[in-house]
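Colleague: no FASTA, just this:
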Ligand SMILES: O=P(O)(O)OC[C@H]1O[C@H](O[C@H]2O[C@H](CO)[C@@H](O)[C@H](O)[C@H]2O)[C@H](O)[C@@H](O)[C@@H]1O
């Protein structure tokens, strides 16, 4: 093992001397060599610390997260073996894999402030290798559909499923259902089942981030364009403000997130645009200072606006939770009885599928399969598909392990953004910068509206590679909160010291 590692090191050193590695990679390399020596007790951690800082300083935003990956405690035991494995990868793939190998040092603890204690959709980065504590692991770790344990926030049923699967298989539903699920872990070797195979997803993720840079790393760039502009904030709820969890009724946002959103709303007009019903999302967010659009934008409560009422005859005067005069817009109102009927049918036809959850969101219905055994997904997809055959005016879209049944109308979250901008008197102005943060497929309509109108930014919340109309990315709700906090601080400073 030792001699093998030396051999690999010689090969890498040759590449290194020949200058095949970019500067930050070289620093990584030196750092790695020091770590190896360190593992044999030759070099003290004191030496590697300044190098790590240098790597951080030099690597720029592309490797902005590197310190979080390499902020490690040296555990001298297993490290050498893992190092050899990592070096072997690095020698075959060069460059980026040197970053990867920093994450391969199996026995190291990752002590990162970046680690979010939230449950989000699975990351391509194999978190077991990043040494997150299992309690911090994404739900991918809990991904086998274990029935939710009984308790306040629990649901489970235990029934068998049957059903034909041809339609669902042939029309691509099953693929789409699977696409909204995490890849299964490949277990190869190692001392325990927690040791997963080496995959290259992290490299893939970092290359994806060149296309969708971190909104945290790009914050100054974003704000440069915000000078002299009025920012309008649009926020999705699930997976953006709250972590993704097994039970939709338990998707609570943290108090710190609530305080942050409250501060954002103090400085910028802020709206929540959710797939949930407006009432449900309000019950979860509990902030009266925001505007709310529920049912994927099909149920909006916004400020009173005369032009709006002219342009949208469906608008009615209403009062909000505080009794304030508002405009209520519900373009799918006529579908209410149909949605109610289809909801009851969907509850009935899924009641024998263990783990299936059906939610009524007033203008749409969600059929969740997150907690359903994967071999029953075709059944659930088929049954929803069969029901919809009787409702040609309804369609189904895919969210995060959920089928969303909704009316076939030309209305979506993108239209809701336009509507809210209009109601706020912020359309047809070039001094407005809308920012939309969301994680799901339905948020793409909003990202597209901003991209097509060349106005503002979409920020996709994702820790996996995903094609999107957004401009920037954030990994999880924890990063969303950091971004919002930066925004609030920026505004406070601007108010105190004037524009830069
Ligand atoms: O537009 P959003 O606010 O993001 O709502 C989209 C759906 O969010 C909820 O489902 C998602 O979050 C659940 C809780 O974390 C999770 O269990 C589920 O798998 C996700 O799909 C909500 O329950 C759905 O009704 C919304 O349509």
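Modeller: On my side now, so go ahead. The shown structure was predicted, so the numbers you read here are calculated from the model rather than taken from an experiment.

Colleague: what sits against whichever residue of the stretch 401-500 of the chain sits closest to the ligand?
Modeller: Sorted by distance to the ligand under CB to the nearest ligand atom, the residues of the stretch 401-500 of the chain start with residue 402, at 3.7 Å. Where you see a C-beta, it was placed from the backbone N, CA and C, and this is true even at glycine. Residue 402 makes contact with 180, 366, 367, 368, 369, 370, according to CB atoms under 8 Å, 6 or more residues apart in numbering.

Colleague: Keep only those that also lie close to the ligand.
Modeller: 366, 368, 370 (CB under 6 Å from any ligand atom).

Colleague: Okay, and which of the residues you listed map to strands?
Modeller: 366, 368 (DSSP state E).

Colleague: In a markdown table: the ones next to the ligand among the contacts of residue 402, plus neighbour count.
Modeller: A markdown table is the format used below for those (neighbours: other CB atoms under 10 Å):
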| residue | neighbour count |
| --- | --- |
| 366 | 21 |
| 368 | 22 |
| 370 | 21 |
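
Colleague: could the ones next to the ligand among the contacts of residue 402 be laid out in TSV, adding pLDDT?
Modeller: Shown next, in TSV, are those (pLDDT from 0 to 100):
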residue	pLDDT
366	98
368	98
370	97
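
Colleague: The stretch 151-300 of the chain: strands as residue ranges?
Modeller: Remark: strands assigned in the stretch 151-300 of the chain by DSSP state E, counting those that start in this stretch are 230-235, 270-273, 291-294, 299-302.

Colleague: Determine the number of other residues adjacent to residue 218.
Modeller: Neighbour count for residue 218, taken as other CB atoms under 10 Å: 20.

Colleague: Who's the closest spatial neighbour of it, skipping the chain neighbours?
Modeller: Sequence neighbours aside, residue 472 is the residue nearest to residue 218 in space, at 5.9 Å (criterion: CB to CB, 6 or more residues apart in numbering).

Colleague: does the one you found really touch residue 459, like I thought?
Modeller: Yes - using CB atoms under 8 Å, residue 472 is in contact with residue 459, at 4.6 Å.

Colleague: Show the average pLDDT along the longest helix along the chain.
Modeller: Criterion DSSP state H: the longest helix present in the chain is helix 477-497. Taken as a whole, helix 477-497 has a mean pLDDT of 93.

Colleague: Check which helices and strands it is in contact with.
Modeller: Based on contacts counted as 3 or more CB pairs under 8 Å, 6 or more residues apart in numbering; DSSP states H and E, the elements that helix 477-497 packs against are helix 219-224, strand 230-235, helix 255-267, strand 457-461.

Colleague: Could you give me the buried positions within the second one?
Modeller: Of the residues in strand 230-235, those buried under the neighbour-count criterion (16 or more other CB atoms under 10 Å) are 231, 232, 233, 234, 235.

Colleague: Counting by contacts, list what that strand packs against.
Modeller: Strand 230-235 packs on helix 255-267, strand 270-273, helix 413-423, strand 432-438, helix 477-497, going by 3+ CB pairs under 8 Å, 6+ apart.

Colleague: One more pass at 7 Å, please.
Modeller: With contacts defined as 3 or more CB pairs under 7 Å, 6 or more residues apart in numbering; DSSP states H and E, strand 230-235 has these neighbours: strand 270-273, strand 432-438.

Colleague: do the same with the longest one
Modeller: Packed against helix 255-267 by the contact rule (3+ CB pairs under 7 Å, 6+ apart) you find helix 477-497.

Colleague: which parts of the helix it packs on are buried?
Modeller: 477-484, 486-488, 490-491.

Colleague: What of stretch 331-345?
Modeller: Buried residues in stretch 331-345 (16+ other CB under 10 Å): 331, 332, 335, 339, 342, 343, 345.

Colleague: where's the second one relative to the ligand, distance?
Modeller: I take that to be residue 332. 15 Å (CB to the nearest ligand atom, to the nearest Å).

Colleague: Wait, that residue touches residue 410, no?
Modeller: No - assessed by CB atoms under 7 Å, residue 332 is found out of contact with residue 410, at 10.6 Å.

Colleague: residues from the stretch 151-300 of the chain in reach of the ligand?
Modeller: Within the stretch 151-300 of the chain, the residues that sit near the ligand (CB under 6 Å from any ligand atom) are 236, 237, 238, 239, 244, 245, 246, 248, 251, 274, 275, 276.

Colleague: scratch that, the stretch 351-500 of the chain is what I was asking about
Modeller: Residues of the stretch 351-500 of the chain lying near the ligand (CB under 6 Å from any ligand atom): 359, 361, 366, 368, 370, 399, 400, 401, 402, 404, 440, 442.

Colleague: tell me which element the first one is part of?
Modeller: Following DSSP states H and E, one finds residue 359 within strand 357-360.

Colleague: Neighbouring strands - and their directions - for that strand?
Modeller: strand 365-368 (antiparallel) (DSSP bridges).

Colleague: who touches the partner strand?
Modeller: Under the criterion CB atoms under 7 Å, 6 or more residues apart in numbering, residues 248, 275, 339, 342-343, 346, 350, 356-359, 380, 384, 401-405 lie in contact with strand 365-368.

Colleague: Confirm that residue 328 sits in a helix.
Modeller: No - assessed with DSSP: H, G, I helix; E, B strand; the rest coil, residue 328 is strand; it does not lie in a helix.

Colleague: What is the burial count for it?
Modeller: 17.

Colleague: Leaving out chain neighbours, which residue sits closest to it?
Modeller: residue 318 (3.7 Å).

Colleague: Any chance you could list what contacts the strand or helix carrying that neighbour?
Modeller: Per DSSP H and E: residue 318 is located in strand 316-319. By CB under 7 Å, 6+ apart, the list of residues contacting strand 316-319 from outside reads 301, 325, 326, 327, 328.

Colleague: now, among the residues you listed, which is nearest to the ligand?
Modeller: Checking those one by one against the ligand (CB to the nearest ligand atom), the nearest turns out to be residue 301, at 15.7 Å.
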